[in-house]
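A.B. asks: Let me see the structure of the following:
(one chain, ligands or ions: 1)
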Amino acid sequence: MAANINNQMLEAILAQVRPLLGQGKVADYIPALASVNGNKLGIAIRTVDGQHFQAGDATERFSIQSISKVLSLVAAMRQYDEDEIWQRVGKDPSGQPFNSLLQLEIEQGKPRNPFINAGALVVCDMLQSRLSAPRQRMLEIVRQLSGVSDIAYDAAVARSEFEHSARNAAIAWLMKSFGNFHNDVPTVLQNYFHYCALKMNCVELADTFLFLAAQGYAPHLSEPVVTSMQARQVNALMATSGMYQSAGEFAWRVGLPAKSGVGGGVVAIVPHEMAIAVWSPELDETGNSLAGVAVLERLSLKLGRSVY
Ligand SMILES: NC(=O)CC[C@H](N)C(=O)O
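C.D. replies: As a prediction, this is how the structure comes out:
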């Protein structure tokens, strides 16, 4: 059944959710993110049959932060055999904050999944081993997937994260002590922070992630981005680990594979149908966009879409 979407309907959902603005908190542990205006709300949808919808602040770029963890995993899936990846990082939800060190010590330096910081750092370490210019390569991938050639890193955000990198550095060094980190720690941290500092808007994100709704195919590219099985696997990881320790709550309320970032963005996938990107910078206590999740909750209800 084709979804009945139009821009007015999206505007109406944003209007219903707008009263929540002011109730969350913009991420301030990265100083360069603390200055973002919290009063923003946007949504964009791109369907597999070529339709575009948008409302609110859908064309204003923001720091995609942990949404980039999906892109780095996809880049690694294109470089490595399955076994090579999954012997170094797990596939299970952590139930812990995204930057926790707790399980890493107990579980011998193998992160629970690629969407917590530890897991993404291992993935970035793997990319550093195989790619001659990992930062340039990521820009090429994102520009190719989005079809937008001026997508770039926000150097100030990347620098700010590097200057406040104690916790991520601790995670990387702990993994190194277990033999699960092969390259120079500061070099890989820099790559990771740059990926997090990609600046994109909702329209660009919905376009970029459409391949996950389309069994690995981006409509404008002749080669598949990943196989249909890999697209299914990435969606499964998003459903179980994409929203940190509130993955269960999110499955309950929204019921779609999704990945959030502390910049306030969330990308959600309706398999076989559409990619959705929402943005609102104020976060709830688990680090997910407060209003963004509320928009997705109303939208999934309205469309009657859930994977469960
Ligand atoms: N959840 C996030 O978006 C966290 C990403 C952020 N760059 C960090 O490493 O802390």
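A.B. asks: Run through the residues of the stretch 1-150 of the chain sitting next to the ligand.
C.D. replies: 65, 66, 98, 99, 117 (C-beta under 6 Å from any ligand atom). Heads up, the C-betas are built off the backbone N, CA and C, glycines and all.
A.B. asks: Nearest to residue 185 among those residues?
C.D. replies: Residue 185 lies nearest to residue 117 out of those, by C-beta to C-beta, at 13.4 Å.
A.B. asks: which non-adjacent residue is nearest that closest one?
C.D. replies: Residue nearest to residue 117 in three dimensions, not counting chain neighbours: residue 99, with 4.8 Å by C-beta to C-beta, 6 or more residues apart in numbering.
A.B. asks: same deal with residue 128?
C.D. replies: residue 183 (4.4 Å).
A.B. asks: and what of residue 250?
C.D. replies: residue 243 (4.2 Å).
A.B. asks: which ones are touching that neighbour?
C.D. replies: Taking C-beta atoms under 8 Å, 6 or more residues apart in numbering as the contact definition, residue 243 lies against 249, 250, 258, 259, 260, 266, 286, 288, 293.
A.B. asks: follow-up on the earlier one: what about the residue nearest to residue 117? Give its phi and psi, please.
C.D. replies: phi -110, psi 30 (degrees, to the nearest 10).
A.B. asks: so it makes contact with residue 168?
C.D. replies: Yes - here residue 99 reaches residue 168: they are 6.9 Å apart, a contact under C-beta atoms under 8 Å.
A.B. asks: More neighbours: which of those two?
C.D. replies: Each of residue 99 and residue 168 has its neighbours counted (other C-beta atoms under 10 Å); residue 168 has more, 22 against 17.
A.B. asks: ok, and the more buried one, which helix or strand is that part of?
C.D. replies: helix 166-177 (DSSP states H and E).
A.B. asks: Can you dump the C-alpha atoms of the next helix or strand after that helix in CSV for me?
C.D. replies: Using DSSP H and E, the next helix or strand after helix 166-177 towards the C-terminus is helix 185-196. C-alpha atoms of helix 185-196 as CSV (Å, rounded to 0.1, in the frame of the first residue of the first chain):
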residue,chain,number,x,y,z
VAL,A,185,45.2,6.4,18.1
PRO,A,186,45.2,10.2,17.4
THR,A,187,45.1,9.6,13.6
VAL,A,188,42.0,7.4,13.9
LEU,A,189,40.4,9.7,16.4
GLN,A,190,40.8,12.5,13.9
ASN,A,191,39.1,10.5,11.2
TYR,A,192,36.3,9.6,13.5
PHE,A,193,35.8,13.2,14.6
HIS,A,194,35.8,14.4,11.0
TYR,A,195,33.1,11.8,10.1
CYS,A,196,31.0,13.0,13.1
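A.B. asks: Could you list the buried residues of helix 185-196?
C.D. replies: For helix 185-196, burial by neighbour count (16 or more other C-beta atoms under 10 Å) applies to 185, 188, 189, 190, 191, 192, 193, 194, 195, 196.
A.B. asks: For the nearest residue to the fourth one once chain neighbours are set aside, grab the count of nearby residues.
C.D. replies: Okay, so that is residue 190. Leaving out its chain neighbours, the residue that sits closest to residue 190 by C-beta to C-beta, 6+ apart is residue 162, at 6.3 Å. Around residue 162 sit 17 other residues, with neighbours defined as other C-beta under 10 Å.
A.B. asks: confidence score at residue 162?
C.D. replies: Residue 162 is assigned a predicted lDDT (pLDDT) of 96.
A.B. asks: Distance of it relative to residue 194?
C.D. replies: To residue 194, residue 162 is 9 Å away according to C-beta to C-beta, to the nearest Å.
A.B. asks: Just checking the distance from stretch 297-308 to the centre of its chain.
C.D. replies: Mean-position distance between stretch 297-308 and its chain equals 20 Å (C-alpha atoms, centre = their mean, to the nearest Å).
A.B. asks: measure that stretch end to end?
C.D. replies: 14 Å (C-alpha to C-alpha, to the nearest Å).
A.B. asks: contacting residues around it?
C.D. replies: In contact with stretch 297-308 (C-beta under 8 Å, 6+ apart) are residues 3-5, 9-10, 13, 16-17, 43, 239, 251, 253-257, 268, 270-271, 273, 276.
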